[in-house]
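>>> Sequence and computational prediction follow.
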Amino acid sequence: MSENIQSQIISLIKDSLVELEITDSACEELQLDIPAETRFGDLSANIAMRLSKALKKAPRDIAEGLIKSMLKRIDKTILKDYIKDIKVEGAGFINFYFSDKYLCEQLDLILKKGKEALRINLSGGRAVLIEFVSANPTGSLSVAHARQAAVGDCLANVLDFLGFKVKREYYLNDEGNQINILGKSVELRINELIGEKIEFPENYYQGEYICDIAKLAKEKKIKTEDLGDFAANFILNIIKKELVDFGVRFDTWYSQKELGKSGKINKAFEYLKSKDLLYEQEGALWFKSSSFGDDKDRVVVKSDGSQTYLAPDIAYHDDKYRRGFDWLINLWGPDHHGYINRLKASVAAFGRDPKTLEIVIVQLASIFRNGVPVQMSTRRGEFITLREVLDEVGVDAARFFFLMRRTSSHLDFDLEVAKKQNAENPVYYVQYAHARIASILRNGEFKLDKDADLSLLKEKEELNLIKKILQFSYIMNVCLATQDPYMITVYLQELSECFHKFYDLHRVLTDDLALTQSRLVLIEGVRITIATGLDLLGISKPEKM
RNA sequence: GCGCCUGUAGCUCAAUUGGAUAGAGCACUAGCCUACGGAGCUAGUUGUUGUUGGUUCAAAUCCAACCAGGCGCACCA
């Protein structure tokens, strides 16, 4: 749906409100919705209902008055050719009906400009940094990380499509407690290899991979004090490979160790001290986060002199802004939600608007096999990994399934369903539509003619298909507003359904040359839209299956 | 105890961020191949939206309380 026609309609309504001398706060935020059902038109305004109380008039009467005023003026505007009808329906909705001419022009635009016609710039020139996954380099990526990777990558694609300057970043926790324990875990396994009898503590890393790293470290004669770094580096390379194989790339890998060396943490502390936001108590150094909405103040330097995780994080997020980003998006697992307030407090402490830091909590995914939950235990190192899911169902199905549900909702991922090649599996349903169109376009007889007469498209299914295509930009708006790309998967299933229905009722390739050419244009428009959506999801768009 | 998330058809989930008769798929039943890909389509059945109040012209959606499930609540990361 072009932004243009929406704003045209909104100014038409506004002019009518002025003419009728209606003023109310409700008039300020005029908004158009896409009705749930096509029989209620193509765009709908609820302004009459919202004005009802203030004006002490029935919504339908207000709507009638507005429509009368609009119809009087519409001939002088560009909408004359694009709006077929304006009707009051239901409780007082004002429904706008597109003309066939409008639909044809929009389809024509998509054919001539390709996916560029679907693009709208909503960025306002903003630069956004999306930080996601950021898993500690102490083991393979889990399915929880996998979902974060899929959501973050897709969200970045969407924001990029909408004109934002987007960078993807992985914060690398390459020093501290976890790395020390990792090093000690490897050290113990080496001792075991030498033949010593060991007791392996429960909080050490249990996985088989620790033994593999121990063997390698022993061969390479890595010094004991370097074992942590060696293991972390080794595992990081595994993680990088897993992400590449999942189709997720990062622009920057931000090392915590480097951050520590840079002196930026001390500088951040100095700033906070100058604002009187740090104080000592019981031998520890505290950040006055409660002054900025946190439940209580937080320790940044422990009484033993070491830093908590918050210390580098404060400097890290200050640094993100200093690098020129005006919007930060962090994707976190649900176990970190208690951390949101203190980090936002740190942003506010530097005089920045905490709203420019968006924390997206990505809920967990549960893995099922034929409806039976697959048990996971991170402690024993026996969890299902991204690698296992990829090996079993492939990139396309894995990405689609991780993106199929609202990000804030739990997700049930059934490995057997993801492998099925039928209608139960939505990724195949969508890809099948794309392949089917590609197959028709490949026919040896008719070529795509960009100047086809689109006014021949008159069937209900044909017009519905165009209308569905035009909803694409609306979906983009919702993804931006919610910072959640999942709706693309829902939309693509709906668009594919519209296509399959059309396909079943109407032949594309017929004896009627003109009609054939217009229908070829129609399905190419559908193909471009599906392809654009699949690109955003990071899923292949097969010509054949 | 406090905080966050969730609760919609037998199952998995939608519902255009407060709109019109709450919709899809699976499953079940009955149909559609001398047709561009049947990996598809058509028709039928399925509801006290966890409960009770409140706000609103309008509530699955917002607010309050309660019920049930998940996850947090460190001088761990």
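Sure thing, it's come through.

>>> Residue numbers of the stretch 351-500 of chain A in contact with RNA strand B?
Contact residues of the stretch 351-500 of chain A with respect to RNA strand B, defined by C-beta under 7 Å from any atom of the strand, are listed as A:361, A:363-364, A:371, A:405-406, A:408-412, A:421-424, A:428-429, A:432, A:435-436, A:438-440, A:443, A:474, A:478, A:481-482, A:484, A:486-487, A:490, A:493, A:497, A:500. Backbone N, C-alpha and C define where each C-beta goes, glycine included.

>>> Let's see the ChimeraX selection covering just the buried ones among the residues you listed.
Buried residues among those (16 or more other C-beta atoms under 10 Å), as a ChimeraX selection:
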select /A:361,363,405,411,428,429,432,435,436,438,440,474,484,486,487,493
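
>>> so what's the closest residue to RNA strand B within the stretch 51-200 of chain A closest to, chain neighbours aside?
Here the stretch 51-200 of chain A gets closest to RNA strand B at one residue, residue A:90, 2.7 Å apart by C-beta to the nearest atom of the strand. Spatially, and ignoring its direct neighbours in sequence, residue A:90 is nearest to residue A:40 (7.2 Å; C-beta to C-beta, 6 or more residues apart in numbering).

>>> That neighbour and residue A:95, how far apart?
Using C-beta to C-beta, to the nearest Å, one gets 5 Å for the distance from residue A:40 to residue A:95.

>>> Stretch A:495-509 - what's its average pLDDT?
Predicted confidence along stretch A:495-509 averages 90 (mean pLDDT).

>>> Tell me the buried residues in that stretch?
For stretch A:495-509, the buried set under the neighbour-count rule, 16+ other C-beta under 10 Å, comprises A:495-496, A:498-499, A:502-503, A:508.

>>> nearest to RNA strand B, of these?
Looking at these and their distance to RNA strand B, the nearest is residue A:508, at 3.3 Å (C-beta to the nearest atom of the strand).

>>> mind checking the SS state of the closest one?
Applying DSSP: H, G, I helix; E, B strand; the rest coil to residue A:508 yields a three-state assignment of coil.

>>> Backbone dihedrals for it, both of them.
phi -80, psi -50 (degrees, to the nearest 10).

>>> Would you agree it is in contact with residue A:521?
No. Under the criterion of C-beta atoms under 8 Å, residue A:508 lies out of contact with residue A:521, with a separation of 10.2 Å.

>>> picking up where we left off before, need the residues touching each of residue A:40 and residue A:95.
The contact sets of residue A:40 and residue A:95 overlap at residue A:89 (C-beta atoms under 8 Å, 6 or more residues apart in numbering).

>>> higher neighbour count, those two?
Neighbour tally, residue A:40 and residue A:95, criterion other C-beta atoms under 10 Å: the higher count belongs to residue A:95, 20 against 17.

>>> wait, is the more buried one part of a helix?
No. Residue A:95 sits outside any helix when classified using three-state DSSP, being strand.

>>> Check residue A:96 and give its pLDDT.
With respect to pLDDT, residue A:96 has a value of 95.

>>> For it, give the beta-bridge partners.
For residue A:96, the beta-bridge partners under DSSP bridges are residue A:43, residue A:86.

>>> what about it, neighbour count?
Other residues within reach of residue A:96 by the criterion other C-beta under 10 Å amount to 25.

>>> State which helix of chain A is the longest.
With secondary structure taken from DSSP state H, chain A has its longest helix at helix A:513-537.

>>> does RNA strand B sit close to it?
No. Applying C-beta under 7 Å from any atom of the strand, one finds that helix A:513-537 is not in contact with RNA strand B, the shortest distance being 7.6 Å.

>>> Centre of the chain to that helix, how far?
What separates the centre of helix A:513-537 from the centre of its chain is 24 Å, taken as C-alpha atoms, centre = their mean, to the nearest Å.

>>> now swap in stretch A:255-264 and tell me
Centroid separation for stretch A:255-264 versus its chain: 30 Å, with C-alpha atoms, centre = their mean.

>>> Go ahead and name everything in contact with it.
Stretch A:255-264 is contacted by residues A:171-176, A:265, A:312, A:315-316, A:318-319 when judged by C-beta under 8 Å, 6+ apart.

>>> isn't residue A:368 right next to residue A:414, touching?
Yes. Counting by C-beta under 8 Å, residue A:368 does reach residue A:414; the two are 4.3 Å apart.

>>> higher neighbour count, the two?
The residue with the greater number of neighbours, taking residue A:368 and residue A:414 and applying other C-beta under 10 Å, is residue A:414; the counts read 21 against 16.

>>> give me every residue that touches the more buried one.
Taking C-beta under 8 Å, 6+ apart, we find residue A:414 in contact with A:368-371.

>>> Is it possible to get TSV of those that adds pLDDT, distance to residue A:225 and secondary structure?
Below are the contacts of residue A:414 laid out as TSV (pLDDT from 0 to 100; distance: C-beta to C-beta, whole Å; DSSP: H, G, I helix; E, B strand; the rest coil):
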residue	pLDDT	distance to residue A:225	secondary structure
A:368	80	44	strand
A:369	78	43	strand
A:370	73	49	coil
A:371	70	49	coil
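
>>> could you pull out the helices for the stretch 151-300 of chain A?
In the stretch 151-300 of chain A, helices defined by DSSP state H, counting those that start in this stretch lie at A:177-194, A:208-219, A:227-245, A:256-262, A:264-274, listed in chain order.

>>> can you pull the buried residues of the third one?
It stands for helix A:227-245. Of the residues in helix A:227-245, those buried under the neighbour-count criterion (16+ other C-beta under 10 Å) are A:227-232, A:234-236, A:238-239, A:242-243.

>>> And that helix, what does it pack against?
When contacts are defined as 3 or more C-beta pairs under 8 Å, 6 or more residues apart in numbering; DSSP states H and E, helix A:227-245 sits against helix A:177-194, helix A:208-219, helix A:386-393.

>>> want to throw the ones you listed into CSV with mean pLDDT, distance to residue A:145 and mean neighbour count?
Conversion of the helices and strands packed on helix A:227-245 to CSV gives the following (pLDDT from 0 to 100; distance: least, C-beta to C-beta, whole Å; neighbours: other C-beta atoms under 10 Å):
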stretch, mean pLDDT, distance to residue A:145, mean neighbour count
helix A:177-194, 93, 15, 18
helix A:208-219, 94, 16, 16
helix A:386-393, 90, 6, 19
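
>>> Now do the contacts for the nearest residue to residue A:46 once chain neighbours are set aside.
The shortest distance from residue A:46 to any residue other than its chain neighbours is 6.2 Å, reached at residue A:93 (C-beta to C-beta, 6+ apart). With contacts defined as C-beta under 8 Å, 6+ apart, residue A:93 is in contact with A:35, A:40, A:44-46, A:48-49, A:63.

>>> roughly how far apart are residue A:93 and residue A:87?
Looking at residue A:93 against residue A:87, where the rule is C-beta to C-beta, the gap reads 9 Å.
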